[in-house]
Every structure is written in structure tokens, then in C-alpha cells.
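# From the sequence below, what's the structure:
(3 chains)
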Amino acid sequence: MNVTKRLLLGSALAAVAAPAFADGHLVAGCPVEGRVAILSNDFPALAAVSARAQECAPEATINATTEHKDIQVPALTAEPAEYTVAVVANSSLVPLLTADLVRPLDDLIAEHGANIDPGQMIKIDGQTMAIAFMANAQHLYMRSDLLEQAGITEMPTTWEGVIEAGQALRDQGIMENPLAMNSAAGWNLAEEFVNMYLGYGGSFFADGSAEPAIANETGVQALETLKQIAELSGPDYLTYDSNATQALWSAGEVAIAQMWGSRAANVLEESGEEIAAATVLAGAPTVGGGSSPASTLWWDGFTIAANISDEDAEASFIAMVNGVQPAVLEGNEDKAVWLIPGYEPTPVAVGVSETATGGTAPYPMLPYMGAMHNALGAELVDFLQGSEDAMTALQDAEAAYRAAATELGFLQ
Amino acid sequence: MKHGAFLRFIAPSLAAMVLFIALPIVSVLIQSMHAEHEQVLKVVENCVPFAGCTETTSIDQEAMRELREERPLGRFVGGDIYAGRNHLAFDSVGAAWAASDGIGDFLSRLMNLRFYKALAFTLTYTFVVTPFCIVIGLCVALALNTLPKLLKGPTIFLSILPMMITPLIGGLVLYWMLDSRGILGSALIYLTGDPGLSLKASPVLTWVMLIVYGVWSSIPFAFVVYYAGLQTVPEDTLESAVIDGASRWERIRYVIIPHLAPLTTFIALIQLMDNFRVLEPIVSFSAEANAISLSYAILNDLRGTETALFGSAAATSMLTIIGVAVLLSPVIWRTWRDFTSRNAH
Amino acid sequence: MASKASARSPLATAVLWGFLAIWILAAAFPFVWTLWGSFKVELDFFSLRGWQNALTGRFTEAQTGSPFTGQAYEAAWLREEFWRNALNTLIVTGSVVVISLTFGTLGGYALARSGYRYAFWILIVALIFRAMPHITLVSGYLLPFFQWGIWGSIPTTVIVLVAINQPFTLWMLHSFFLNIPKDLDESAMVDGCTRFEAFRRVIVPVMWPGVITTGLFSFLLAYNDFAVTALLLREENLTMVPKIASFLGSTQVDGEIMLAVSSVVSATVPLFLLVMVFQRQIVSGLTAGAVKG
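This is a model prediction of the structure:
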């Protein structure tokens, strides 16, 4: 689907227009009495939710900070917790669960959560621990004009197809480094490996335990595919973080890229008209004949702290339910891919929607996944730089993971 | 100075340091010798949007609660974290030694271990940046001191710009400029005539880039201290040197440099320490693939993912302190000599 | 300093000034480039299609109709209310400098005048304290601060910054005090002053060059700090640097890089003023009579 200039202008205007809400939108129970203090990341979609929550809880304090995940555990450990609400993503919920700092929401949902869709409930062991309200995933951005120029009429839907298209673009002299992904060493590279490895159908741990299980044929295949993509990327690919790939895309230096859906609106806005008009968003590609896209789904949602009084918890829950009412969509449709009932995907949300409906697995919510991610980010570079073979790099990652998981008490 | 008076003068300073540095260091030391309790896992069913429900493992909080209350620090593991693969890695080093066929091979195997990789860069950075910054800083101070009064102010301002801009952001701006399509990157390509030149792609060039940035950003520190010191060079000594027929170089060599010696010790001390803790340029320059430092390893343990490795970060921090102490031992020795000679009654 | 002793031959002066010119260029060029680029749009600032765009402002002209735009400044200062962060920075840095220097001059003076061994050991231990990476320290503060309910406030951050800065301040001032002859305060004490009176009447008037230089470094530490302020301040108390860092976005969240660029430039303006004041103090030769030893 082509995103035209008109749509872009529309979305830019919508972003400027301040959402004006009437009091009529408040849910039952508002305004609440009791302490409401919200800790969240700092971006516009979350600000919209917090602002709506504040309408129901005028005294609420909001701390929107990019450092939220570094302060959430100590902040919620204190008695009473500094914040009554923590807005989390699937990875940042894990440390809160590990330390037992958030409360089950089932009773509160039964009482005040009539408007919450069952699909929004994050259930762990039968208990709802978080309410999700937006989704995100990495997916493909493609330049239809360049692909046409290279004689590719059908947009690739597999990584093999993407690599072939990239090779064609290079061979025909259209673009020297046509591919890009967030392959910066560290967290980003590990995330790409996680995507690719899950795309190949791999699993990270032996069933039901924290024993690593990545040094295998599937792992090698995933790494080899990453290397093929890297060879068609710029020489600096190990420094490509989201800001770098976005800048490359906006400058027209890349023909096919795998980037975060949450950045789609901005990517198109920053690019010049021609590039934006030729940009096609599509779900993440599959790989190795797999059935589900090689990507992971991410969601953002809210949790209620455990170390607070039940009254404060109730007040906070009602306020947040007000925050994620469909009314929040008004004027904010393009700020996120919302999981709120009544949301119609906008053109910039197509990539995430396709990735989600394609059956992509959510990013693993295992308590030891963070340690694995960290180990992968540090150890896989050696393979991509050619100083180690794929199997050795994977074994190194397993060894680094083992040391960390032992320290965390998951392995002996 | 009498003990009582000394204590009254130093009390506020000492209290602040004990409370916010000494006690935390003790707690970090304790933390570095503890690991989390063995986690009791259970298989549960998780349900999330789009994907539906799947079986997965989770921590059995009921079982853990008692364990945590009993011993909130976790389990004592002594030096295990220090000896583990992500730190000193004795086992892996031993295995590398046994398997290697020469010192070169051994070193390259050693570089595969995070701690040693970080140590190698950290030491190189420290020992290259420190002397360069001292020498160039002194030269800038000497040169600036000869300027007419009117020009001094603006020149001082321009000279300390590299130090004034937040390292995190200053590094990022330079990083953008050094991109192969940025202005500095383009200039380098023009100068070397190599169109494929990219400072970010090769390990060697990344090290050079980081070190040049390090020198650039720490020259102003040396410069300011030297410049302040130059204002105190006794004019009459200089004049008598001129009367004795000393050339300018001789005056610098025999009057100014000895006068500035204590300041040099001070600059070396602070620079060795700061450079040993190098962190910001690696973050700003996205250099992790080619260069990591001990501080970067700590950052990665604490913030790399949501699962913070506090014990591991604590162990690396303690090793950093030990490293700094070793590094500074000559300077400390010198200070001790000065101290005893000054106070020899 | 235009005395006979520093008279130089024209050739040597040319070499010296040439060296200085190269250094000034290296030191200032990145900043000048940023200043220039802050009036462009992102595509021109990065100029991935050719660095000349950053000079000509090709995309800036296409998007805004003029080769220069103040959009980034407007967005940062008005929409994002960057002035709040500027105000917080002013409060935090001002307090840190004053408290650090007060503690530091007292302590540094005591260390310089004490002949006992423990003075030496305090200096060494302070140095070792300084080796502790800040990120580790800050992670340790979080839980107790939350527990005591003092997290997020400006005074907490100020005290932490003062403490972290103490070892450096002590060392620096201690070496400056060593240069002030002992006879000065000791003769005052012979005249019947107490130690503190001697310090106040004799030492304080002559200590300013050292204090100003040390103060500059304390100022820069507090002004540029990221590790402490980003984690210890609530959103409404946030200082400039963590705010600028948050403009850069994160992996999944869009950054507004031009806002970061314009804020960096804005954040440098007060520094410019500060240095203009500071250099006059040093250059005016306030030191000349006092610290001749």
C-alpha cells in the first residue's frame, strides 16, 4: 500500500491538533480519591494515555522518563511504592514479575474493567498481571520505485527474497548497499538474532528449564542469514541503531529495511516527498520456509504496584482504565498501533498489523531471557566480523549466558 | 594543625564522602560476593494479545518469598562471580593457555573474553590519551599565555569548548560529523583518496577515533590547570634566568616545567583515573562492536537489558577500583614522598 | 604578562600562534558546525546525501522556504518547555558549586596544613573513592532513596553530586593551598587569631584563583552530569542534559534529534558567559601578588 503525501499531511495535522475531551468520556468511578502516581516511558502515545488518566485522577503525578526501566524495580520495591502504576513493555514487565512487585488485576477487572477487551489482558498462570493497550514490531520498509527499477514487480515476503532483491539492486548498480536493519552491536543485534532464530522456528531454552539451547543448526542458519543481510548493508552496519537506520531511510540511502513500526509515522514525515510516496510498509518477512514472520511482537501496557494500599490500587486502576478508553484514540490514532477496541489501523500501522496477524510470536517473557539477550548482543559480533565461525560464536554466547544465569539463580 | 581543628575543618567533606561513597562501596563489595537465590521455576500458561496462550516458565513466587525474607542479600558465593567467565575467567584463561600454540594465539583467545577485551582497550586508551593530553595541554597553555590580553578571553573560551559540551552529546555530534558522508568523514576520504574509508567499520580505526576524541576532549582540562599554574610562575626567577642568558627553551625547561611539576602530578592522577573509566565515547560512537571498556561492561550489566546483573556489575566495579589503585601507585608513592619531606621536622 | 621575561622572537611567536590557531580550529569547529546545523532540518544536519547540503540548507529551504529555520529552538523551548530544565540546571549547579567549594576549601585547607599521616591517607582514600564508577554508585542509591522518600528531589541530587565531586575538589584545593606559604596563616595565629579566624582573614582573600579554577570544574561536573541526574531526578526536576538525551529517543521511540541539537547549543550559551567572567578573574592577575611563593 502506498502512503501518499496527503495521508502524511493528514497525520501531521492530527498530531498538531490538541485532543479536546469532554468530561462525558470519563468512566464510572471518576474522579477517584486515593493516590495515583504513574511511571512511564516518555513518548507521545503514553503521554496521551497518562493525560486521560489524569482527567479521572486530577491529583495524579506523572513521571514520564526514558530511564523508567532503570528506576521501576527500586521504586516499586519501596514501602509504600513510589508509583502506583508502572507502564511497561513485555520485556520490562519481567523484572517486576521476577521481584513480585505488581499485583494481579482480576478482581479489579471484574469490578471496573467492563470496557477492557479480553485480548488486552496479559495473563500469567491464569492471573491478569497487565493490561496491554498498544503493540509494536519490526517490519519491512520497501522502496517500490527502486525495486521496480530493478525489475522486481512482486514485493518480497521472505528474507531469501529480500536478499535476492538486494543483490539485484547491487548488481544492477542501482544501489551499492541496499539493505539495512537495526544491527548495531549489543541489544539491537541480539534482537535481530532473536527475530531470525524464532523465524526459523528455534527455541532458546531446553523445555521447562533455563538451560540454553542455541548452539545448534537453527542458530547457525539464523546467523548465516544475518551475515548475508549484513553483506548487503553499509560497511558501518554494526553501528546501525534505530536513529541511524531512520536517517538512512529518510536520506534515500536504503531500498529495503527492517525497522520498528513505532517509528513509521516519523520515518515518512522526515523523508522527502518522493521517498515517502514510494515507501511501502509490509509485515516482517518469513525465513527458511517458516510460516510466521521473523520478528517479535511487543506490547505496552499498564500494571498496578503490589506494595500499595488496596484503595490506592483501585483508584489507580480506575484512572488507567479511563486512560485507555476508546476516547483516547481521538486525535492520537497515528501515534501508535493501539490495542484499544474501536481502533482502525492507519496506513502507517499496516506493517505492524500484518506482522501481528501473520502469527508472529511475542518477545519471550521468560525471566532469564534478558540474560540471554545480553549474551547474544556481546558475543555474536565475532562471527559477523569474521573472527569466529557461527558455532563458536553461539557457544560463546551460551557460556556468557550461563555465567549470568548462574548469578541470577536460574542455573546451578 | 591540631587534631581537633583538623576534624572540624574536614568534617563536612568527610561526612559527605563517607555517606555517599564509602558506604556504597562497602555495599557494592558485599553485593559482588552474592548471587540471587536459586530460583524455583514452574511451568505456567501465559496469554498475550494476538498470540493467544502458550506454556512457558515463570518463577514460583510463593516458594521464593520465604527464601528472600530469610536472606535478603541472596546466597553468598565468595569470589565465584570474580572468577566466572564474564570477569577474570580463570577456567577459560587456563583452557586458552593449554590450547594455544604461542603467545600471540593465546592473546587472541584471551580477547574473546569480555573482561580482557575491555581491559585491553581501557589500558590502551588510558596510556595513549593521558600523555598526549598533558603535552598538548601544556603547549596550549604556554602559547595562550603569550597572546595579547584582549585575545585571551575569547581564546580561553574556544579552547575549553571540548570540555564544556556534555560528553554524551558532544561525542554524538562528532560521531555524526565523522560518518563517511559527514563533513569530517568526507574530508578524510578526500585527504586519503580512499572512497571506501569508514572510521566506524574497522576495529583499528574505531580505536584511533576513540583515542583522538579522548585526547581532544581532555586537553582543556590540562590546559586550564596549567594556565592557572602559569599565572603563579615567579616573575623574578624568570627575569634572572633571562639575565643569565637562558634561551626560551631553557627557561621553559628549567624554570616553568619544574614549577608546574605538582600540577602535572595532579593532572596525571585525574586523567589516568578518568581515562580508565572511559564510557561516554563508546556509547556515543556506537563502538561496542570494536571497543569496550570496563565501565561499558558495567553499564551493559546494569542497563543492557531489563534484567540487571547487580553482582556482576559490582564485581567489575571493584576490579575497576583495584585497577585504578594499581595505576595510581607511582603517583601515590610520589605524593607520599612529597608529604613526608614536607613534614620532616 | 608582557614583561621582559616573556619577550619572544617574531619567528617563535609565529610558530606558537600557528599552533594555537590549529588547536582553536580543532576545539571550536565541531561546535561552530553544530551551531550552524541547529538552524537546519534533520535531513540537512545529517546530510547523508552529501555534506554540502548542510551548508546550503537544500532540504531546509524545501521544507520551510528559507535556508535557516528556528523551528528546533521554538519546539525545544516553547513546546517542550526546555526553560524549566534550564532553571533546574541553574539551581542544581549553583548549589553544587557553592556547597562543594565550601566543603572543599575547608577540607583542602586542613589537608594542606596537617602534618599527620592520616591527612595523607584521607587524600589517598578520597582518590580511591573517586575511582568508583558513577553508574554503580547511583544504582545503589535508588532503593534507599525511594525507601526514605527523598528520591527525585533537587536537594538529594545536589548532595550526591557534592559528595561525588568532593575527592576531586579536595585534591585540587589541597594542592592550591600547598602553594600558599604557611607563614601567612601561622603568623596570624601568633598574633592571637584562632585557626578559623586565620583561615578567614588571611587565607580566604588569597585563595580565589584556585577556588575559581576548582569551581569551574565543579560547575562543569554538575552541569554536564548525566549518570546521576537522569536516575535521581523526577521529571519536573530534570536538568538539561538528561532532557537533551531524552530528545534522542530510544530504540522503539522516535527521537527529535534537531531538538537535541538546538538544546545543546542553547546549553552552551550560559557557559560562554560564565567563562567570560571567569577568565577576567584569572587574567587580571589577581593571582600575581598573592600566590608568589
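# what does chain C have sitting close to chain A?
C:42-43, C:46, C:48-49, C:59, C:62, C:139, C:142-143, C:145-147, C:149, C:151-152, C:230-231, C:234-235, C:238, C:242, C:245-246, C:248-255, C:257 (Cβ under 8 Å from any Cβ of the partner chain). (C-beta placed from N, C-alpha, C; glycine too.)
# and those residues, which are buried?
C:42-43, C:46, C:48-49, C:59, C:139, C:142, C:145-146, C:151-152, C:230-231, C:234-235, C:238, C:242, C:245-246, C:248-255, C:257 (16 or more other Cβ atoms under 10 Å in any protein chain shown).
# restrict these to contacts with chain B.
C:46, C:48-49, C:139, C:245, C:248.
# Just the ones in helices from these, please.
If you go by DSSP state H, those have C:46, C:139, C:245 in helices.
# ok so, going back, among the residues of chain C next to chain A, which are in helices?
Going by DSSP H, the helices hold C:42-43, C:46, C:59, C:62, C:139, C:142-143, C:145-147, C:230-231, C:242, C:245-246, C:257 from the residues of chain C next to chain A.
# just the ones next to chain B among the buried ones among the residues of chain C next to chain A now: which is nearest residue A:325?
Within these, proximity to residue A:325 (Cβ to Cβ) peaks at residue C:248, which comes in at 31.7 Å.
# residues contacting residue A:271?
By Cβ atoms under 8 Å, 6 or more residues apart in numbering or on different chains, the residues touching residue A:271 are A:249-250, A:252, A:279.
# One more: residue B:294?
By Cβ under 8 Å, 6+ apart, residue B:294 lies in contact with B:115, B:118-119, B:122, B:276-277, B:316, B:319-320, B:323, C:133.
# Outline the domain layout of chain B.
The record's domain parsing of chain B by automatic domain parsing lists B:39-76, B:113-342.
# Can you get me the start-to-end distance on the longest one?
Taking Cα to Cα, to the nearest Å, the first and last residues of domain B:113-342 lie 46 Å apart.
# any idea where the strands of the stretch 101-250 of chain A begin and end?
With DSSP state E, counting those that start in this stretch applied, the stretch 101-250 of chain A shows strands at A:121-124, A:127-143, A:179-181, listed in chain order.
# So which of the ones you listed is nearest chain B?
strand A:121-124 (3.8 Å; Cβ to the nearest Cβ).
# now for that closest one, which elements pack on it?
Judged by 3 or more Cβ pairs under 8 Å, 6 or more residues apart in numbering or on different chains; DSSP states H and E, strand A:121-124 is in contact with helix A:90-98, strand A:127-143, strand B:41-48.
# switch to 6 Å and redo it
strand A:127-143, strand B:41-48 (3 or more Cβ pairs under 6 Å, 6 or more residues apart in numbering or on different chains; DSSP states H and E).
# now the ones next to chain B among the buried ones among the residues of chain C next to chain A in TSV, with pLDDT?
Below are those laid out as TSV (pLDDT from 0 to 100):
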residue	pLDDT
C:46	81
C:48	78
C:49	77
C:139	89
C:245	89
C:248	87
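# now for those residues, which pair is the farthest apart?
That would be C:49 and C:139, which, of these, are the farthest apart (Cβ to Cβ) at 42.2 Å.
# just to revisit the earlier point, now, which of the contacts of residue A:271 sits nearest residue B:135?
Nearest member of the contacts of residue A:271 to residue B:135, counting by Cβ to Cβ, is residue A:250, at 42.7 Å.
# what residues are up against the closest one?
Each residue near residue A:250 by Cβ atoms under 6 Å, 6 or more residues apart in numbering or on different chains is listed here: A:270-271.
# can you do 10 Å?
A:266-272, A:275-276, C:42-43, C:46, C:48-49, C:59 (Cβ atoms under 10 Å, 6 or more residues apart in numbering or on different chains).
# Residue B:322 too?
C:128, C:131.
# and the helix or strand where it lies, how far from the chain's centre?
Applying DSSP states H and E as the criterion places residue B:322 in helix B:310-342. Relative to its parent chain, helix B:310-342 has a centroid offset of 13 Å by Cα atoms, centre = their mean, to the nearest Å.
# related to what we said a few turns ago, mean pLDDT lowest where, among the domains of chain B?
Lowest mean pLDDT of the domains of chain B: domain B:39-76, a mean of 85.
# near chain A, anything from that one?
Yes. Interface with chain A: domain B:39-76 contributes B:39-62, B:64-65, B:67-68, B:74-75 (Cβ under 10 Å from any Cβ of the partner chain).
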